[in-house]
Structure formats: C-alpha cells, structure tokens
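Enquirer: could you work out the structure for the sequence below:
(one chain, ligands or ions: 1)
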Amino acid sequence: MLIAELELPWLFNSSRCEVKKTTRNYLDETLFAHFCLNCHQVFLARFDWVNAGMAQRWQGEYYSCPVCGEAAADEWDTKRYYRSTVGNVERPGIPVPRSMLIRLQEFKKHLRLTVDAPCIAFDEQYPENVNYYRVVEIFHFDIENQRTYFKQTGWPGGSETKEISLPYDSTLTQYSVLRFLRRNSRAWRERKPQVTAFLKKLRETVCRKLYEVKGYRMKAVSVPGTKETGLMVNPIRNLMWRLACPDGPNLKELFSFRSWTGMSNFITRDLLADVMDGCLAGKSYPQAVLQAVGLPDTKSGRRMIAGKPIYALAAAKMLAPVMLNEQGRKAVYDSLMNRWEKWLCHSVVSTWGVGRVFPCEKGMAFFQTAVREIGQSRALALITQLPTDELNDAAEQYEELTPAEQLTVWKNAGSAKKIHDTCVELHWRHKHPYYNLDVPEPIINRLMMQKESLRFYLPKTYHELHAAGEELRNCVGGSYPARMKAGKLCIVLVADDTGKLKVCIELQGDKIVQAKLFRNRPVYEDPVMFDRVKAWAKERKLKIATDDLIRPEKKEPLPQAM
Ligand SMILES: [Zn+2]
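Expert: As a prediction, this is how the structure comes out:
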C-alpha cells in the first residue's frame with residue numbers, strides 16, 4: 001500500500017565536477033565540467049567563488065549556459081543563487097541525481113522506501129561527456145526483526161542488499177543519492193516543507209508499524225538534517241537506530257559530522273553494535289547499555305541511563321572499568337554528565353574538546369589506583385574537583401614514577417590538588433638528578449643569619465633551590481643552580497618561622513644584584529622585609545647593586561587648592 005510520495009523535479013540547476021587541478025595555482029587553474037539540467041548540455045568553464053583572504057569573490061566568466069542561457073550569474077543575487085543550486089560532485093564517475101521520486105510503501109511486516117533517481121555522472125576520461133543512469137535505492141525496514149536493509153541499483157557502483165542498521169555504517173553518507181538533498185540544492189530551497197512533511201509521515205508510519213507488529217511504543221524520533229549529509233540522511237539513520245532500540249535516545253547530539261569524530265573515542269562502533277544486539281535480543285536500552293559497557297544491571301544503574309541523551313553511554317563506558325560502589329558510581333557519572341552538559345552540549349564536539357572535558361583512559365586508570373590506595377570517598381575528589389587536564393597530567397606523570405615514589409604520592413595524599421602537585425613534583429625530581437650545590441663553608445657562614453623570626457640561609461641542593469623557585473613563583477630553579485654550583489653566584493633565601501619563603505636574594509661576590517618577593521616583586525614593596533634585608537646586608541657588609549633595595553622617592557603630594 002502506498003503511504004506517501006514525494007516528487008522532487010529538480011535537485012539542482014546544474015551539476016559540476018572539477019576537471020583539472022594543479023597544486024601551484026589552484027584558483028586560476030580550476031576548470032569545471034558543467035551539466036545544465038535545463039537543456040541537458042555539458043560545457044567546460046572556469047568560474048566559481050574563490051576565497052581571497054577573508055572575503056570571497058567571483059572568479060572567471062559569469063555563469064550562463066551557452067546553449068539555453070539558463071541561470072545567468074552577472075548579478076550578485078544570481079551568483080549566490082548559482083552557488084546554492086549547483087550540485088558539486090567530488091570526482092567524475094559519481095552519479096548526481098537530476099530529479100527524485102521517493103515513495104513509502106507499507107506491507108504486512110515491513111516498510112519499503114524507494115528512491116527513484118535519474119542521474120548523470122561525468123565521464124572519468126572525457127568530462128565533457130556524461131553518462132546517464134537511473135539509480136534506484138530501496139530501504140527495507142524490517143519491522144518484525146527491527147533491522148534495516150539497503151540496496152542500490154542502476155549504475156556500476158551499486159550495491160547488493162545489505163544491512164545498514166548500525167549508525168556507524170557509512171553507506172548512506174557515502175553512496176546514497178539522498179546525500180545530494182543538501183543545503184546547496186534547489187530541492188532544499190524550494191521543497192523543504194514537502195521533504196519535512198514526507199519525513200514526518202515516514203516517522204509516524206515506522207512508529208505505528210512497530211507498535212502494531214511488536215507492541216513497542218516509540219516516541220520523539222525526530223532529528224534535524226545536517227549541513228553535510230543533507231535533509232534526509234540523518235533523520236533516516238536515526239530512525240533505523242531507534243527501530244532497533246525503541247526506548248533509546250536519538251543520535252542528534254552525535255551525528256553532526258565533526259562531533260562524531262570526537263565522540264568515536266568513547267562510543268565506538270563495537271560498543272554501539274553491542275548495545276544494539278542487546279536491544280534486539282529483547283533487553284531494554286538501559287539494560288543493554290549496562291551489559292555492553294560491563295556495569296552491573298541494578299536499579300540505580302538503569303536509572304542512570306534511562307531517558308538520558310546518547311552521551312550517557314559514553315559516561316557509563318568511562319565509568320565501567322573503575323571499581324566503585326553504587327554511590328561512587330553515581331557521583332562519577334553525575335560529574336561526567338555535568339561536564340558534558342556544561343561544555344559540549346551546545347557546540348560541535350571536536351576531538352580536543354572531548355579530550356579536555358573527559359578524563360583519558362590513563363586518567364581513569366589513575367583514578368582507579370587512587371580508589372584502591374586512599375579509598376573511594378577521598379579519591380572521588382580527583383574526578384569531581386580536579387580539572388580534567390590536571391587529572392590526565394597527574395596520571396601521565398604517575399605512570400613514570402618508581403613504585404617507591406608512587407607510594408609517596410599516596411602517603412602524602414591530601415586534597416586532589418595536592419595529589420596532582422606531588423605527582424608533578426616527584427616526576428620532576430625523577431627526571432632531574434639530584435646534586436649538591438657545594439657552596440664553600442666560609443661563604444655559608446658569612447651569609448647565614450637567624451634573627452627574630454626570620455632565617456637567612458643558602459639552599460644546599462639543586463632540588464631545594466628548584467622547590468624555592470616553585471614556591472616563590474620565579475625562575476630561580478632554572479639556570480641558577482648550575483651557576484651557583486660553579487661559584488658564579490649565590491642565592492640566599494629568607495624564610496619566616498613557619499618555614500614560608502619570603503625573599504630570594506641573588507649575590508655576585510659581595511654584591512646584592514637582586515632581591516625579590518613573591519612573583520619577582522622588588523623587596524621595597526614590603527616595608528618590613530625591606531628593613532630586615534637592608535639590616536642583614538649592612539651587618540654582613542654586602543654592597544647593594546640593585547634597585548630592589550632602593551625605595552623609590554615618593555613624590556610630594558601637590559598642595560591642595562585653597
Ligand atoms: Zn542549458
């Protein structure tokens with residue numbers, strides 16, 4: 001029984017295919033074979049919109065079919081119209097539809113969607129010639145078994161009947177003529193409401209049929225088309241997925257072309273296939289997900305997945321390898337989902353974007369180690385409080401430590417931040433061998449001083465000096481240790497009675513050449529330190545050769561107006 005029919009008398013005004021391309025001058029050497037759909041003539045011409053810096057400009061002769069004069073593009077609007085109605089083919093030999101007749105038929109236990117598309121394909125050898133094909137595509141929605149099959153005939157590259165139920169299947173995006181029903185098509189501009197209405201009918205029919213045959217109620221299966229794959233490919237792909245998993249989520253968040261690349265690290269082809277198999281075997285979607293990722297099938301587990309968007313699958317998968325109790329799982333899951341909603345929901349997901357938002361595999365493994373070493377409740381902070389890149393970073397560094405050093409991390413574990421810092425610090429020490437600065441005893445004795453609550457002292461080792469640089473946020477840990485060891489300079493640190501560093505002083509011989517507070521601020525900014533350091537310098541007979549120890553003259557305030 002025929003349920004719906006959609007006729008698209010025009011796909012494009014013209015089709016074109018690049019003929020010649022030299023890498024030296026792509027813009028000027030671009031030659032296209034054009035096929036005018038009005039008079040069915042092929043001609044070669046060199047015109048297009050080209051990118052010129054930030055702008056676009058028209059290049060070449062204006063477009064007008066030399067035979068019938070169709071779509072002359074000498075006006076701005078006509079040029080835009082030209083661009084929005086030309087069918088680009090990636091290479092010769094690929095059939096581009098001229099028109100389409102799409103029909104939906106209903107049978108007892110299946111639905112059939114037929115796409116009948118007269119096509120042209122530019123000849124691979126002589127692009128000024130075209131070959132005519134009549135491509136026919138049949139989508140077979142097997143409602144009883146909840147699977148979808150596809151067959152394409154009418155041209156040499158067609159395909160036999162095969163199953164395309166899995167969302168990762170690229171048949172539709174690569175081969176189906178429906179992919180030409182995209183934004184730069186005349187059909188999109190002129191027939192979008194009809195296409196939308198047809199898709200609605202298709203959705204309704206699949207839903208109704210699934211209820212009639214299997215008793216499953218399926219709701220809200222509508223997703224928008226995309227720029228890259230056109231009006232119909234994505235909605236149909238989603239429909240196939242939902243047919244297999246009627247209570248599952250739509251795929252819209254994932255199936256924008258670019259975001260899929262980012263998500264494929266987390267939602268792999270195999271994972272989706274496992275979920276789909278579970279659903280086809282009669283499990284509910286949440287149960288199928290829990291089984292596929294390897295989480296226990298519990299009530300709260302199902303609640304985590306049910307009714308949630310597709311990325312809940314990614315969160316569940318990340319969570320699965322970590323041994324946690326129910327409460328811990330919930331906490332980690334919520335944290336991952338929050339990140340997703342906060343950072344990725346409203347934008348395209350690129351690979352690096354996902355990398356910044358979710359812990360990597362190593363990060364999760366590190367978290368698992370933390371759970372084992374310091375217990376779940378303390379380890380949870382690593383996920384819920386530490387920025388993801390710091391967790392990944394700590395994991396990376398931790399991996400390279402010796403077992404003894406790794407133990408130190410957990411012995412000193414305080415806050416999540418502290419765990420990260422310890423990993424970084426230990427890793428640095430691991431990579432930078434320890435050495436003594438070997439400052440001669442007389443110099444040490446001359447410069448050291450304990451007065452009131454302040455201690456003036458010299459670091460003894462490379463690592464000690466490096467740590468001082470970290471604490472004071474300056475670069476004293478960089479090239480200074482080697483020069484200090486060589487006797488070229490001397491660093492004196494000033495700490496208060498709690499051990500907190502206050503000042504860092506550089507001496508060359510008996511000259512003070514630098515005296516800095518936190519973040520390299522000059523000592524004169526702190527009046528107390530200023531007086532103490534000056535007193536120390538005077539007592540130890542050191543010369544001052546830096547502005548840091550000279551208080552800038554204060555300008556007299558202007559007399560107030562009477
Ligand atoms: Zn023409």
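Enquirer: which non-adjacent residue is nearest Ile544?
Expert: Excluding the flanking residues, the one nearest Ile544 by C-beta to C-beta, 6 or more residues apart in numbering is Ile512, at 5.3 Å. C-beta here means a position set from N, CA and C on the backbone, and glycine is covered the same way.
Enquirer: who touches the one you found in this structure?
Expert: Listed by C-beta atoms under 8 Å, 6 or more residues apart in numbering, the contact partners of Ile512 are Ile505, Glu506, Ala537, Leu542, Lys543, Ile544, Ala545, Thr546, Leu549.
Enquirer: per the annotation, how does the chain divide into domains?
Expert: Domain ranges of the chain: 2-164, 441-549, per automatic domain parsing.
Enquirer: past the lowest-mean-pLDDT helix or strand in the chain, which element shows up next along the chain?
Expert: Least confident helix or strand of the chain, by mean pLDDT, DSSP states H and E, is helix 257-263 with a mean of 54. Toward the C-terminus, helix 257-263 is succeeded by helix 269-280 as the next helix or strand (DSSP states H and E).
Enquirer: that following helix: how far from the chain's middle?
Expert: 24 Å (C-alpha atoms, centre = their mean, to the nearest Å).
Enquirer: same check on stretch 400-415?
Expert: Using C-alpha atoms, centre = their mean, the offset of stretch 400-415 from its chain centre is 31 Å.
Enquirer: what residue ranges in the chain score low on pLDDT?
Expert: Flagging of the chain using pLDDT under 70 yields the residue ranges 20-30, 46-50, 57-64, 66-67, 69-84, 252-265, 343-356, 554-562.
Enquirer: any chance of TSV for the domains of the chain, columns distance to the ion?
Expert: Converted to TSV, those look like this (distance: least, C-beta to the ion, whole Å):
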stretch	distance to the ion
domain 2-164	3
domain 441-549	71
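Enquirer: in CSV, list those along with distance to Leu271.
Expert: As requested, those are arranged in CSV below (distance: least, C-beta to C-beta, whole Å):
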stretch, distance to Leu271
domain 2-164, 18
domain 441-549, 42
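Enquirer: hang on, the earlier thing: separate out the buried members of the contacts of Ile512.
Expert: For these, a neighbour count by 16 or more other C-beta atoms under 10 Å gives the buried set as Ile505, Glu506, Ala537, Leu542, Ile544, Thr546, Leu549.
Enquirer: does Ile544 touch Ala537 like I think?
Expert: Yes: at 6.1 Å, Ile544 and Ala537 qualify as touching, with contact defined as C-beta atoms under 8 Å.
Enquirer: neighbours around His430, how many?
Expert: His430 has 13 neighbours, counted by other C-beta atoms under 10 Å.
Enquirer: over to Lys538?
Expert: By other C-beta under 10 Å, 10 other residues sit near Lys538.
Enquirer: a helix runs through it, doesn't it?
Expert: Yes: per DSSP: H, G, I helix; E, B strand; the rest coil, Lys538 lies within a helix segment.
Enquirer: and the domains of the chain: which comes nearest Leu336?
Expert: In this view, the domains of the chain are compared for proximity to Leu336 by C-beta to C-beta, and domain 2-164 is the closest at 29.6 Å.
Enquirer: gap between the two ends of the closest one?
Expert: End-to-end distance of domain 2-164 (C-alpha to C-alpha, to the nearest Å): 23 Å.
Enquirer: circling back to that earlier point, mind checking which of the buried ones among the contacts of Ile512 are in helices?
Expert: Members of the buried ones among the contacts of Ile512 lying in helices (criterion: DSSP state H): Ala537.
Enquirer: want to try JSON lines for the buried ones among the contacts of Ile512, with distance to Leu210 as columns?
Expert: Listed next are the buried ones among the contacts of Ile512 as JSON lines, based on distance: C-beta to C-beta, whole Å:
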{"residue": "Ile505", "distance to Leu210": "79"}
{"residue": "Glu506", "distance to Leu210": "78"}
{"residue": "Ala537", "distance to Leu210": "87"}
{"residue": "Leu542", "distance to Leu210": "88"}
{"residue": "Ile544", "distance to Leu210": "87"}
{"residue": "Thr546", "distance to Leu210": "81"}
{"residue": "Leu549", "distance to Leu210": "83"}
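Enquirer: just give me the closest of the buried ones among the contacts of Ile512 to Asn250.
Expert: Closest approach to Asn250 among those (C-beta to C-beta): Glu506, at 63.8 Å.
Enquirer: about what we covered before: of the buried ones among the contacts of Ile512, just say which sits nearest to Thr114.
Expert: Glu506 (82.9 Å).
Enquirer: and the closest one, what are its bridge partners?
Expert: Per DSSP bridges, the residues bridged to Glu506 are Ile491, Gln514.
Enquirer: these two touch, right, it and Val513?
Expert: Yes: between Glu506 and Val513 there is a contact under C-beta under 8 Å: 5.2 Å.
Enquirer: mutual contacts of these two, please.
Expert: With C-beta under 8 Å, 6+ apart, Glu506 and Val513 have common neighbours Leu489.
Enquirer: which residues in the stretch 251-400 of the chain form helices?
Expert: Taking DSSP state H, counting those that start in this stretch, the helices of the stretch 251-400 of the chain run over residues 257-263, 269-280, 285-293, 299-305, 311-319, 326-339, 351-357, 361-374, 376-384, 388-399.
Enquirer: with mean neighbour count added, can I get those in CSV?
Expert: Compiled in CSV, these are given as follows (neighbours: other C-beta atoms under 10 Å):
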stretch, mean neighbour count
helix 257-263, 17
helix 269-280, 18
helix 285-293, 23
helix 299-305, 16
helix 311-319, 23
helix 326-339, 18
helix 351-357, 15
helix 361-374, 19
helix 376-384, 20
helix 388-399, 20
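Enquirer: which residue does the stretch 151-300 of the chain bring closest to the ion?
Expert: Arg186 (14.4 Å; C-beta to the ion).
Enquirer: what does the stretch 301-450 of the chain put close to the ion?
Expert: Counting by C-beta under 5 Å from the ion, none of the residues of the stretch 301-450 of the chain come close to the ion.
Enquirer: stretch 154-169: which residues count as buried?
Expert: Neighbour count says stretch 154-169 has Gly154, Trp155, Ile164, Ser165, Leu166, Pro167, Asp169 buried, by 16+ other C-beta under 10 Å.
Enquirer: appreciated, that's everything.
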